[in-house]
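Undergrad: Need a 3D model of the sequence below.
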Amino acid sequence: MLTIKKVYKSFPGEKTDNLVLDGIDLEIKTGEFVALLGPSGCGKTTLMNIVAGLEQASSGTVTLHGKEVTKPGPDRGVIFQESGLFPWMTVEQNVAFPMKQQSRFSKEYIKNSVDRYLRMVHLHKYRDALPHQLSGGMKQRTAIARTFAMEPEVLLMDEPFAALDEQTRMMLHYQLGKIWQESKKTIIFVTHNIREALILADRIIVMATQPGKIKKEFIIEESRPRDFQNDILHYHEKQIFDALGEEIDKVMKQEMGESIYAQKNRIHGDSDSYMGGAI
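TA: Presented below is the predicted three-dimensional model:
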């Protein structure tokens with residue numbers, strides 16, 4: 001169990017502190033896939049960094065199985081939007097490298113684990129390729145294999161597919177879903193994209209902004225793999241969009257001086273916006 005209890009985070013401002021997270025309370029069960037969804041500035045990435053141990057909360061606690069998180073550790077793995085591969089290492093060497101830095105992994109384990117996860121992400125035929133020879137999607141699959149191979153208890157993913165084209169994202173959604181079902185790791189997935197959250201997550205946490213807090217939770221019980229021929233997913237999509245409406249307005253009014261939620265009926269008919277592009 002991952003427990004986030006009364007987490008506040010503020011950063012120094014010119015006159016007063018800027019409150020970014022306002023008393024976040026959240027429990028995530030072992031093996032659960034949770035998506036954090038909200039507009040820019042709602043603190044999704046800051047919350048994930050606190051769970052990862054990369055930042056400290058101003059107050060409150062994060063515990064994993066009762067042990068407080070105060071710094072990065074091997075029980076939590078992070079995947080960012082950029083793959084972070086070493087350009088001089090092959091795919092196989094990139095996946096193996098973090099494991100070789102820890103004495104808990106034997107040579108045989110490393111060899112078997114690299115092979116297992118490269119096959120799971122369908123990159124075993126590219127094990128000798130260098131990063132510059134890979135597409136963006138292949139780089140992210142390598143990063144996913146590298147992180148899963150470390151056997152973390154919790155996987156933290158910060159918009160890992162945001163820079164990829166739609167077809168590549170759809171393929172990676174399917175592959176990530178399969179790997180998650182096989183491994184049953186706990187995953188926290190940060191995204192702006194409503195449909196991405198619906199395709200992947202058991203539970204979607206919609207965050208309010210200015211300051212960041214939990215606004216609403218949605219439980220998604222549909223079987224996997226999911227697609228949008230399903231009327232129930234369309235229903236959830238509209239409910240989530242409505243929950244985000246006021247938050248989108250806050251951001252748009254601050255940045256552009258105009259409201260976008262007032263035009264929600266038009267946006268609902270626009271597949272790109274409905275995918276979360278307006279957020």
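
Undergrad: make it CA atoms for all contacts and neighbour counts henceforth
TA: Noted.

Undergrad: Show me the strands in the stretch 151-279 of the chain, by range?
TA: 154-158, 186-191, 203-208, 213-219 (DSSP state E, counting those that start in this stretch).

Undergrad: Output the ones you listed as a markdown table; include the columns mean neighbour count and mean pLDDT.
TA: Putting the strands of the stretch 151-279 of the chain into a markdown table (neighbours: other Cα atoms under 10 Å; pLDDT from 0 to 100) gives the following:
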| stretch | mean neighbour count | mean pLDDT |
| --- | --- | --- |
| strand 154-158 | 23 | 95 |
| strand 186-191 | 24 | 96 |
| strand 203-208 | 24 | 95 |
| strand 213-219 | 16 | 95 |
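
Undergrad: who wins for proximity to G41 among those?
TA: The closest of those to G41 is strand 203-208. By Cα to Cα, the value is 9.2 Å.

Undergrad: quick one: D128 and D25, what's the gap?
TA: Separation of D128 from D25 (Cα to Cα, to the nearest Å) stands at 45 Å.

Undergrad: Just want to know which of these two has more residues nearby.
TA: For D128 versus D25, neighbours defined as other Cα atoms under 10 Å are more numerous around D25 (16 against 13).

Undergrad: Name the nearest residue to that one, ignoring sequence neighbours.
TA: Nearest residue to D25, sequence neighbours excluded (Cα to Cα, 6 or more residues apart in numbering): K5, at 4.7 Å.

Undergrad: number of nearby residues for T45?
TA: Count around T45 with other Cα under 10 Å applied: 19.

Undergrad: part of a helix, is it?
TA: Yes. According to DSSP: H, G, I helix; E, B strand; the rest coil, T45 belongs to a helix.

Undergrad: quick revisit: return the residues in contact with the residue nearest to D25.
TA: By Cα atoms under 8 Å, 6 or more residues apart in numbering, K5 lies in contact with 23-26, 60-62.

Undergrad: Out of those residues, which is nearest to I240?
TA: Distances from I240 to the contacts of K5, taken by Cα to Cα, are shortest for L26, at 18.5 Å.

Undergrad: Tell me how far the closest residue to R146 other than its chain neighbours lies from E108.
TA: Once flanking residues are discounted, R146 sits nearest to V95: 4.2 Å by Cα to Cα, 6+ apart. For V95, the distance to E108 equals 14 Å [Cα to Cα].

Undergrad: for G73, same thing?
TA: According to Cα to Cα, G73 stands 23 Å off from E108.

Undergrad: who's more crowded, these two?
TA: Per other Cα under 10 Å, whichever of G73 and E108 has more neighbours is G73, with 12 against 8.

Undergrad: give the contact list for the more buried one.
TA: Applying Cα under 8 Å, 6+ apart, the residues near G73 are 52-53.

Undergrad: Tell me the secondary structure at it.
TA: coil.

Undergrad: And for the one 10 residues further on?
TA: Recorded secondary structure, S83: coil (three-state DSSP).

Undergrad: re the thing from before, now distance to Q102 too, for the strands of the stretch 151-279 of the chain, in CSV please.
TA: Rendered in CSV, the data for the strands of the stretch 151-279 of the chain read as follows (distance: least, Cα to Cα, whole Å):
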stretch, distance to Q102
strand 154-158, 18
strand 186-191, 22
strand 203-208, 33
strand 213-219, 37
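
Undergrad: what bridges to the residue positioned nearest the centre of the chain?
TA: Centroid-nearest residue in the chain, with Cα atoms, centre = their mean: F189, separated by 2.1 Å. Bridge pairing for F189 (DSSP bridges) gives the partners A35, M157.

Undergrad: That one against M157, yeah?
TA: Yes. Using Cα atoms under 8 Å, F189 makes contact with M157 at a distance of 4.8 Å.

Undergrad: R141: neighbour count?
TA: The number of residues packed near R141 is 24, by other Cα under 10 Å.

Undergrad: So for it, what's the nearest residue that isn't a sequence neighbour?
TA: Excluding the flanking residues, the one nearest R141 by Cα to Cα, 6+ apart is V121, at 6.0 Å.

Undergrad: Fine by me, thanks again.
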